[in-house]
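Enquirer: please work out how this folds:
(chains A, B and C)
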Amino acid sequence: MAEEQRKIAFICSKGNLDMAYPALVMGWAALGNGIDVTIFFTFWGMDMINKARVDHLEIPPVGNASMKMNLMGVPGYVGIPQFLGAFPGMTPIATALMNDKMKKLGVPTVREYLEMMADAGANMYACKLSVDMFGLKKEDFIDGVKDIVTASDFMDMTEGAQIIFI
Amino acid sequence: MAEEQRKIAFICSKGNLDMAYPALVMGWAALGNGIDVTIFFTFWGMDMINKARVDHLEIPPVGNASMKMNLMGVPGYVGIPQFLGAFPGMTPIATALMNDKMKKLGVPTVREYLEMMADAGANMYACKLSVDMFGLKKEDFIDGVKDIVTASDFMDMTEGAQIIFI
Amino acid sequence: MAEEQRKIAFICSKGNLDMAYPALVMGWAALGNGIDVTIFFTFWGMDMINKARVDHLEIPPVGNASMKMNLMGVPGYVGIPQFLGAFPGMTPIATALMNDKMKKLGVPTVREYLEMMADAGANMYACKLSVDMFGLKKEDFIDGVKDIVTASDFMDMTEGAQIIFI
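Expert: Take a look at the predicted model:
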């Protein structure tokens, strides 16, 4: 008797650049391992599939005690104190650093990853409630997005899947 | 042979308004699809079941690069820069916008959702460690909360479940 | 026929103190219940296993509407308004309050928890991409970390596991 196909479903609910990558990196690895991959974009995660937004995701340093610039490859810099993170200009700096780091490591951009994943057979859907909340329509999304579906549809699709909420 | 009952368990660890909704929307859909639903409230997610807090959940614009007011239905407004988000008054504005948007879309409030879900058979529990940490007791919680349980109890309850951490 | 061993895999992607604890508390409970536990540290979660960082995790009050100091045991204090959270000094105060509260409740520190879990057989791995991104090496990690693995390795390891992304 055939073993059941392994399935993973990601729920992308964040639009910050750092939290856009986990589903892409893991989803791409899963596809490479022959796993069936579904991605459901909801709330702020809609920015990842919004044609006008996907190339402009940012990484705000406030609210994240771990974001130490020295870790991002700036020698001698011992981190962005939380209150400095609230000053204008820090978000673009942190964003540029991360994008630059990813490029040097040969990591695709968010848009490139989504295109690769769509080509490799990932099933990508936008959440109906979020679409209504943000006043979006199918034409606002990148090509790989198959459809706009409800939470109930998502439940039907994910029977037997490992579900990862990001 | 009877197929096993599908089970989903949500762990609600956040008290921000935007991160209160995912478990409610998905949990409600799951209940409608005949799935057994358990919700475990922990850390800041305790605010969702705290009688004194549930109607006052907020959505802080700082630390979230995706929160663009134009997406929330304010035409011509191109977003809250991160540093503006740290000024007094922005959290109430973002909160009012989201609550208003949800109301217009006919989405229940967090309290209403929890009542509906309790009535529909969702199993809702508060985390013992968080209860101790915040100095709360069972009387502080809304009616639908069945009990205060440990992480070990939660592990017992979620054998075979799809676990979604929010 | 023997029943299959239950497996849980945690992905720790955050380095804030409050989001370091969920995998530790749940993972420890899981180990106690005889469940096989794997923890994969990635992105900001690398701070949890970084010898130089693990004892200095912080909890920034900005971006979290739920962090009310009165809940943390300061009587009469009705919370940190979001904009106050952005002032210097609030992160250390919130961090000290949480560490103190945990100590009073007899909860181990993050480092102690990780040592206990390694001794109890938890499988702990660092994410290869994050290691490259932050310019770290195996010697930077606490002893319990077994290896540096790719997302693809992680996919192989988590077949049949309940996956919890934090």
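
Enquirer: residue ranges for the strands of chain A, please.
Expert: Taking DSSP state E as the criterion, chain A carries its strands at A:7-12, A:36-41, A:123-127, A:145-149, A:162-165.

Enquirer: contact partners of the last one?
Expert: It refers to strand A:162-165. The contact list for strand A:162-165, computed with Cβ atoms under 8 Å, 6 or more residues apart in numbering or on different chains, reads A:6-11, A:13, A:23, A:26, B:8, B:22, B:162-166, C:11, C:158, C:161-163, C:165. For every residue, glycine as well, the C-beta is placed using N, CA and C.

Enquirer: okay, now A:Ala52: neighbour count?
Expert: The number of residues packed near A:Ala52 is 9, by other Cβ atoms under 10 Å in any protein chain shown.

Enquirer: that one against A:Ile142, yeah?
Expert: No. At 10.2 Å, A:Ala52 does not count as touching A:Ile142 under the criterion of Cβ atoms under 8 Å.

Enquirer: and the residue positioned nearest the centre of chain A, what is it in contact with?
Expert: When Cα atoms, centre = their mean is applied to chain A, the residue found nearest the centroid is A:Ala20 (2.4 Å). Shown in contact with A:Ala20 (Cβ under 8 Å, 6+ apart): A:12, A:14, A:45, A:48, A:57, A:110.

Enquirer: repeat that for A:Ile39.
Expert: A:9-12, A:23, A:27, A:117, A:122-125.

Enquirer: from those, which two are the most distant?
Expert: The most widely separated members of these are A:Ile11 and A:Met117, with 15.1 Å between them, by Cβ to Cβ.

Enquirer: more crowded one of those two?
Expert: Taking other Cβ under 10 Å, A:Ile11 and A:Met117 do not tie; A:Ile11 has more neighbours (26 against 22).

Enquirer: tell me how far the more buried one lies from C:Lys7.
Expert: Distance of A:Ile11 to C:Lys7, computed by Cβ to Cβ, to the nearest Å: 21 Å.

Enquirer: go on, A:Gly121?
Expert: Distance from A:Gly121 to C:Lys7, counting by Cβ to Cβ: 26 Å.

Enquirer: neighbour-wise, which of those two wins?
Expert: C:Lys7 (18 against 9).

Enquirer: what residues are up against the closest residue in space to A:Ala120 that isn't next to it in sequence?
Expert: Take A:Ala120 and drop its neighbours on the chain: the residue closest to it by Cβ to Cβ, 6 or more residues apart in numbering or on different chains is A:Leu31, 4.7 Å away. Residues in contact with A:Leu31, defined by Cβ under 8 Å, 6+ apart, are A:37, A:117, A:120-122.

Enquirer: repeat that for A:Phe10.
Expert: A:23, A:26-27, A:37-40, A:164-166.

Enquirer: let's see 7 Å
Expert: A:23, A:27, A:39, A:164, A:166 (Cβ atoms under 7 Å, 6 or more residues apart in numbering or on different chains).

Enquirer: swap in A:Glu112?
Expert: Taking Cβ under 7 Å, 6+ apart as the definition, A:Glu112 has no contacts.

Enquirer: do a quick rundown of the helices in chain A.
Expert: Along chain A, the segments classed as helices by DSSP state H run A:17-32, A:82-85, A:90-104, A:110-119, A:128-134, A:151-157.

Enquirer: quick check: buried residues in the fourth one?
Expert: Which is helix A:110-119. Of the residues in helix A:110-119, A:110-111, A:113-114, A:116-118 count as buried by neighbour count, 16 or more other Cβ atoms under 10 Å in any protein chain shown.

Enquirer: ditto for stretch A:5-17
Expert: Buried residues in stretch A:5-17, counting neighbours by 16+ other Cβ under 10 Å, are found at A:6-17.

Enquirer: for chain A, which helix or strand comes out least confident on mean pLDDT?
Expert: Least confident helix or strand of chain A, by mean pLDDT, DSSP states H and E, is helix A:82-85 with a mean of 52.

Enquirer: picking up where we left off before, redo the buried residues of helix A:110-119 as CSV? Include pLDDT and distance to chain B.
Expert: Shown next, in CSV, are the buried residues of helix A:110-119 (pLDDT from 0 to 100; distance: Cβ to the nearest Cβ, whole Å):
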residue, pLDDT, distance to chain B
A:Val110, 97, 13
A:Arg111, 97, 16
A:Tyr113, 97, 18
A:Leu114, 98, 16
A:Met116, 98, 23
A:Met117, 98, 20
A:Ala118, 98, 22
